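Novice: The sequence and its predicted three-dimensional model are supplied below.
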Amino acid sequence: MADAPANAPAPTPGDTPAVPPAAPAELARAVLRAEAAAISAVPLDDDAFARAARLIAGASGSVVVAGLGKSGLIGAKLSATFASTGAPSHFLHPVEAMHGDLGRVRQGDVLLALSYSGETEELVTLAEVLAPDGVPTIAIVGPLRSRLARSAAAALSVGDVAEACPHNLAPTASTTAMLALGDALALAVMSLRGFSADDFAKRHPGGGLGKLLRPVTEAMRFRVGENLTPAPLGVSVEQAFRDSGQAAEGAGLRRPGAVLVVDAAGKLAGLATDGDLRRALLDTGPSAWAGPIDAVMTANPSTLADTALVRDAVHLVRTKRFDEAPVVDAQGHPVGLIDVQDLAALKVIAG
């Protein structure tokens, strides 16, 4: 072994060699693997889970969620998830509960208590205090032999989790598993209560999600009978595009990028876009103007129901590569036209 350099500092007794830290990306992948493994390994008890879901779904009051530390932060998120999916909920700090905030809990409520150890004194006490008032506890814990689990009406375990922390100390994989199990419980309750997409939309009126859940009829600018005139089958291409443009311009809008074509019963028969017109002029020349709109249009085009949501229009535009889509009622009569600029104005797609 080579001698140490003459000017090297003498080793201090008790020194240990430094362990080089893992590369950030390598550590990140290890953390993701550990947390994914924790979720996959959750030992779901079908009977206990069903009992917990039915307790909440059948409750006349709120889901009161409680936890301390990192479990409390997970609990606050789960409370928000329950509230947004049809189960009224609020978070209760277990320490504050012992100093007056028990008044936030009433008969008909259910306590959802989160503690990985299952031995958090404040949570065990809270469950014991509420039990005589008929408020059942659902516990999400690690060990089912813990005091909190034993005192609960239904106890769910995330299992014996190895934390993603290199020292197996910081709550990481255990809180991820707790969050995933709590989300599963909230969605099971949502299903039991028959919570619909319309119900969800009413609770999310703001932000990008709220925009996607708006009715498509609220987003479209071009409406039949107001600023959009459908063309009857057999009318000339020139007449069809002229009438459609005049109706929009008369309402102070730019002309639409397509013409709705209807049959004798007023039902949608086709859609003629600016692109269709351009191709007809290139193929046939100016004489295309005098030809029937039937020769230019796309028959039986893809449509949106007048009950559809903006998210449905976004999906259609993205998957079919359309710039315009007719909106029809239950009988197939066109009620309007939504185009890509309507969606861009809502900022649900790029303009």
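Specialist: Yes, it's here. Just so you know, these numbers come straight off a predicted model, no measurement behind them. Residues are numbered from 1 along each chain as shown.

Novice: pLDDT below threshold where in the stretch 251-351 of the chain?
Specialist: Scanning the stretch 251-351 of the chain for pLDDT under 70 picks out 351.

Novice: same thing but at 80, please
Specialist: 251, 350-351 (pLDDT under 80).

Novice: what's the answer for the stretch 1-150 of the chain, then?
Specialist: For the stretch 1-150 of the chain, the ranges with pLDDT under 80 are 1-22.

Novice: need the helices for it, in chain order.
Specialist: Under the criterion DSSP state H, counting those that start in this stretch, the stretch 1-150 of the chain contains helices at 24-40, 46-57, 69-84, 94-97, 121-130, 147-151.

Novice: out of those, which comes closest to Asp306?
Specialist: With respect to Asp306, and counting by CB to CB, the nearest of those is helix 69-84 at 26.6 Å. In short, each C-beta sits where N, CA and C put it, glycine included.

Novice: For that closest one, C-alpha coordinates in PDB please.
Specialist: Provided in PDB are the C-alpha atoms of helix 69-84 (Å, rounded to 0.1, in the frame of the first residue of the first chain):
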ATOM      1  CA  GLY A  69     -47.400  15.300  11.800                       C
ATOM      2  CA  LYS A  70     -47.100  14.000   8.200                       C
ATOM      3  CA  SER A  71     -50.200  11.800   8.700                       C
ATOM      4  CA  GLY A  72     -52.100  15.000   9.500                       C
ATOM      5  CA  LEU A  73     -51.000  16.500   6.200                       C
ATOM      6  CA  ILE A  74     -52.100  13.400   4.400                       C
ATOM      7  CA  GLY A  75     -55.400  13.600   6.300                       C
ATOM      8  CA  ALA A  76     -56.000  17.200   5.200                       C
ATOM      9  CA  LYS A  77     -55.600  16.100   1.600                       C
ATOM     10  CA  LEU A  78     -58.000  13.200   2.100                       C
ATOM     11  CA  SER A  79     -60.500  15.400   3.700                       C
ATOM     12  CA  ALA A  80     -60.500  17.600   0.600                       C
ATOM     13  CA  THR A  81     -60.900  14.600  -1.600                       C
ATOM     14  CA  PHE A  82     -63.900  13.400   0.300                       C
ATOM     15  CA  ALA A  83     -65.500  16.800   0.200                       C
ATOM     16  CA  SER A  84     -65.000  17.100  -3.500                       C
END
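
Novice: I'd say Pro230 and Val224 touch.
Specialist: Yes. If you go by CB atoms under 8 Å, Pro230 and Val224 touch, sitting 6.2 Å apart.

Novice: what's the overlap in contacts for those two?
Specialist: Shared contacts of Pro230 and Val224, defined by CB atoms under 8 Å, 6 or more residues apart in numbering, are found at 260, 334.

Novice: hang on, the earlier thing: for the helices of the stretch 1-150 of the chain, which one sits closest to Ala295?
Specialist: That would be helix 69-84 among those, by CB to CB, at 51.0 Å.

Novice: by how many degrees do the closest one and helix 46-57 diverge?
Specialist: On the basis of axes from the mean of the first three to the mean of the last three CA atoms, to 10 degrees, helix 69-84 is oriented at 60 degrees to helix 46-57.

Novice: So which bits of helix 69-84 are buried?
Specialist: 70-75, 78-79, 81-84 (16 or more other CB atoms under 10 Å).

Novice: Could you do stretch 185-195 as well?
Specialist: Using 16+ other CB under 10 Å as the test for burial, stretch 185-195 gives 185-186, 188-190, 192-193, 195.

Novice: Let me know the closest of those to Met297.
Specialist: In terms of CB to CB, no member of those lies closer to Met297 than Phe195, at 41.4 Å.

Novice: how about the closest one, secondary structure?
Specialist: Following DSSP: H, G, I helix; E, B strand; the rest coil, Phe195 is assigned to coil.

Novice: wait, isn't it in contact with Phe82?
Specialist: No. Taking contacts as CB under 8 Å, Phe195 lies outside contact range of Phe82: 10.7 Å.

Novice: which residues does Pro334 contact?
Specialist: Contacts for Pro334 (CB under 8 Å, 6+ apart) come out as 224, 230, 260, 262, 268, 326-328.

Novice: Now render the helices of the stretch 1-150 of the chain as JSON lines, adding distance to Thr217.
Specialist: Listed next are the helices of the stretch 1-150 of the chain as JSON lines, based on distance: least, CB to CB, whole Å:
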{"stretch": "helix 24-40", "distance to Thr217": "40"}
{"stretch": "helix 46-57", "distance to Thr217": "33"}
{"stretch": "helix 69-84", "distance to Thr217": "25"}
{"stretch": "helix 94-97", "distance to Thr217": "47"}
{"stretch": "helix 121-130", "distance to Thr217": "47"}
{"stretch": "helix 147-151", "distance to Thr217": "50"}
